[in-house]
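1. predicted coordinates and the sequence they were generated for:
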There are 2 protein chains.
Amino acid sequence: MTETDRRPPPGRVTLTDVATLAGVSVGTASKALSGNGRMRPETRDRVLEAARRLDFQPNEQARALLAGRTWTVGLVTTDGIGRFSTPVLLGAEDALGAGKISVLLCDTRGDAIRERHYVETLLARRVDGIIVTGRRTDPRPPLAGLRDVPTVYALSPSEDPADMSVASDDEGGARLATEHLITSGRRHIAHVSGPAHHAAAQHRARLTHDLLGQAGLELSGGKVHFGDWSEAWGRRAARTVLRAAPDTDAFFCANDQIARGVTDTLREEGRRVPDDIAVIGYDNWDVMALAARPPLTTVDMNLNEIGRIAALRLLDAIDGRTVGGVRTVACRLVVRESA
Amino acid sequence: MTETDRRPPPGRVTLTDVATLAGVSVGTASKALSGNGRMRPETRDRVLEAARRLDFQPNEQARALLAGRTWTVGLVTTDGIGRFSTPVLLGAEDALGAGKISVLLCDTRGDAIRERHYVETLLARRVDGIIVTGRRTDPRPPLAGLRDVPTVYALSPSEDPADMSVASDDEGGARLATEHLITSGRRHIAHVSGPAHHAAAQHRARLTHDLLGQAGLELSGGKVHFGDWSEAWGRRAARTVLRAAPDTDAFFCANDQIARGVTDTLREEGRRVPDDIAVIGYDNWDVMALAARPPLTTVDMNLNEIGRIAALRLLDAIDGRTVGGVRTVACRLVVRESA
DNA sequence: AAACTTTGAGCAATGGTTTTCTTGCCGGTA
DNA sequence: TACCGGCAAGAAAACCATTGCTCAAAGTTT
């Protein structure tokens, strides 16, 4: 029997193995490793050496069972882990990882049945908390079936105002863009947006309209151009606006894809950006904003920050400091060449 | 004392609570719920009713501790959960979710220290297995420090051929594109690619070159145009090729961004796509491929399938059926309007 | 030298579930 | 009536780490 033979064949090394090798009881071994109990330095060293030799790692399962905490949070996303939820997710993971908390990923693909199923799984696994995130900024119904598990909604706030939510300051973002255009001397500003029933489109449109009004200006073309979030719509809208209001000198687009479509059309129509017409996008989606000609000035929602703050609020809630309500995160204008 | 008072205030309902309410022992309650033991139907019903009343859910932690399995796998990604790893991840999650397995997400951001840290975390949590995925298709060094945890490398194969890897059939993808162009009558085919040191660029270039040779053709412009993966490079390369070889009638681009840059330039130069010049991309990245004018014919790597197969191999390995080596997943040509 | 303090280390309970082993009871057969 | 088979249900061990408590020995004080 060599020493390695005492290692259990399939399973991992357990504290009992360490204690046996060091010639002490499990209790003593535990205290030696955690540094909690008092003991002769010599004993401690023997345990530490044994743990090192066996490459011991405490079983989180057992620890969690005892502590009643799993140091795990569930991250429920509804949009297939897309462009919006990914940065939120990473921001959250960053903040949580610092506190030794792991993230259990659940993608519901927008399906209520799956969502329900995932919530039950997370509950069965006794997660310490849940973060819910989605593609749209429209409020969403609160997660059904969770009992007293702390939950934070990121990006898509909960419809229940008592829940904790972290949202983007849509109106602030629109303000950044519009004021940038006004202060740089633009006077005939068009606004091209996505579907009129999206909250994001509504907020940005309302604020743009209001700010122009306060500056004594009107929307170029006389109205907000609602459509969809695509480049193709941006191209179509740009042509429409140029025909209806040829003196337009700026476009504020409610996302970068629309903005890119607009710049493409402007270039094809022989208008120089930004000399003749300025263009501002929204989202700061690098593949769009940087590949556009010229690179887009655009509003960044600080999605990472939204995720980070959601995680911090969740950590607070887990520690019992629950403060309900929506908290908004400010946007940031990234100035490039298009405006 | 009403009945609800016996429910522990902060914690969840436990099997003991159910057993007490039903007037049986925990052991019996467990058997009733799992359907394993034999008992009077009346007793079973009483337990089931109690569980229903208390909304009991077994604690996965405790179950895992006993079974020595956690029904959890770690998903280690190196590229910030980007465009490539996301579909792989979803494919894997889909296959795993069917088997009641949850996914623990670890994003290393390409940092070796973080990677090491995550591996230790996953080991401490006793995950049943690990899937490693990354952005590049180049082989990567195997994960350090894991003992006997089954591991599958998806998209980025391991440098160790004994490890289990699932990779994309890069050469097959290039073959699909090139043969499509040749059979549709193109004779002067240019190949615009990414950095020459990327495995993906090399594989695609070599196969394109070889196939053209077999058909008695040569690369238009006489060589492969290596650059980077950007639209800007696609635009530049297209101009270079048109100048050097004006009779070029097709472009095979090693990703969709390059292809989009190429089509943009071709349109600006007055060449019609696909009438005058055909363009094929790679990746089938919808926001690029669909927004291009015309929409791109492109090679789809079936990333979902890669994730799915990686998950299935991992499940096999967890059950002891480990088969090392690289398995490649075939690509698929998505024909749209550009070729 | 006796009583007391300090210290080192083990014991056992804890957490929630599963599973094996055991006990007790009933009916049936010799 | 005695014995055995079968079945229902309980008791207890197992999983693994943590921690308060206990006990014993060494060391200190009067």
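-> Received the coordinates, thanks. Numbers count the residues shown, from 1 in each chain, chains lettered A, B, ... in the order given.
2. from here on, contacts and neighbour counts on C-alpha atoms
-> Noted.
3. helices of the stretch 51-200 of chain A, residue ranges please.
-> Under the criterion DSSP state H, counting those that start in this stretch, the stretch 51-200 of chain A contains helices at A:60-67, A:85-97, A:112-124, A:170-183, A:199-214.
4. could I get those as CSV with distance to DNA strand C and mean neighbour count?
-> Below are the helices of the stretch 51-200 of chain A laid out as CSV (distance: least, Cα to the nearest atom of the strand, whole Å; neighbours: other Cα atoms under 10 Å in any protein chain shown):
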stretch, distance to DNA strand C, mean neighbour count
helix A:60-67, 4, 16
helix A:85-97, 24, 23
helix A:112-124, 8, 17
helix A:170-183, 44, 20
helix A:199-214, 42, 19
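5. how many other residues sit next to the closest residue to DNA strand D within the stretch 201-339 of chain A?
-> Residue of the stretch 201-339 of chain A nearest DNA strand D, by Cα to the nearest atom of the strand: residue A:319 (16.7 Å). The number of residues packed near residue A:319 is 11, by other Cα atoms under 10 Å in any protein chain shown.
6. would you point out which residue is most central in chain A?
-> Of all residues in chain A, the one closest to the mean position by Cα atoms, centre = their mean is residue A:88, 1.2 Å from it.
7. do you know the pLDDT at it?
-> On pLDDT, residue A:88 comes in at 91.
8. any idea how far it lies from residue B:275?
-> In this view, residue A:88 and residue B:275 are 44 Å apart by Cα to Cα, to the nearest Å.
9. can you check residue A:265 too?
-> Residue A:265 is 22 Å from residue B:275, by Cα to Cα.
10. before we move on, what about residue A:230?
-> Residue A:230 is 26 Å from residue B:275, by Cα to Cα.
11. residue A:333 now?
-> Distance from residue A:333 to residue B:275, by Cα to Cα: 42 Å.
12. more crowded one of those two?
-> residue A:333 (21 against 10).
13. how about that one, secondary structure?
-> For residue A:333, the assignment made with DSSP: H, G, I helix; E, B strand; the rest coil gives strand.
14. got the residues of chain A near chain B?
-> A:11, A:57-62, A:64-65, A:80-82, A:86, A:90, A:102-107, A:123-126, A:230-232, A:291 (Cα under 8 Å from any Cα of the partner chain).
15. OK, contacts around the nearest residue to residue A:176 once chain neighbours are set aside?
-> In space, and not counting its chain neighbours, residue A:176 is closest to residue A:333: 6.4 Å by Cα to Cα, 6 or more residues apart in numbering or on different chains. By Cα atoms under 8 Å, 6 or more residues apart in numbering or on different chains, the residues touching residue A:333 are A:173, A:176, A:177, A:297, A:298, A:299, A:300.
16. most widely separated two among those residues?
-> Greatest spatial distance among the contacts of residue A:333 (Cα to Cα): A:173 and A:297, at 12.6 Å.
17. for residue A:300, what are its contacts?
-> So, once contact is read as Cα under 8 Å, 6+ apart, residue A:300 ends up touching A:173, A:282, A:283, A:284, A:331, A:332, A:333, A:334.
18. 6 Å instead?
-> Taking Cα atoms under 6 Å, 6 or more residues apart in numbering or on different chains, we find residue A:300 in contact with A:283, A:284, A:331, A:332.
19. any idea how far it is from residue B:200?
-> From residue A:300 to residue B:200 the distance is 32 Å (Cα to Cα).
20. in a markdown table, list the contacts of residue A:333 along with pLDDT.
-> Converted to a markdown table, the contacts of residue A:333 look like this (pLDDT from 0 to 100):
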| residue | pLDDT |
| --- | --- |
| A:173 | 96 |
| A:176 | 96 |
| A:177 | 96 |
| A:297 | 97 |
| A:298 | 98 |
| A:299 | 98 |
| A:300 | 97 |
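21. point me to the residue of the stretch 201-339 of chain A nearest DNA strand C.
-> For the stretch 201-339 of chain A, Cα to the nearest atom of the strand, closest residue to DNA strand C: residue A:318, 17.5 Å.
22. give me the number of residues near that residue?
-> Counted with other Cα under 10 Å, the neighbours of residue A:318 add up to 17.
23. and the pLDDT for it?
-> Looking at residue A:318, its pLDDT stands at 91.
24. what segments of chain A are strands?
-> A:72-77, A:102-107, A:129-133, A:151-154, A:164-168, A:189-193, A:225-226, A:250-253, A:278-282, A:297-300, A:325-329, A:332-334 (DSSP state E).
25. still on that earlier bit, could the helices of the stretch 51-200 of chain A go into TSV alongside distance to residue A:258?
-> Below are the helices of the stretch 51-200 of chain A laid out as TSV (distance: least, Cα to Cα, whole Å):
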stretch	distance to residue A:258
helix A:60-67	48
helix A:85-97	20
helix A:112-124	30
helix A:170-183	15
helix A:199-214	12
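26. mind checking which of those is nearest residue B:327?
-> Among those, helix A:85-97 comes nearest to residue B:327, with 28.5 Å by Cα to Cα.
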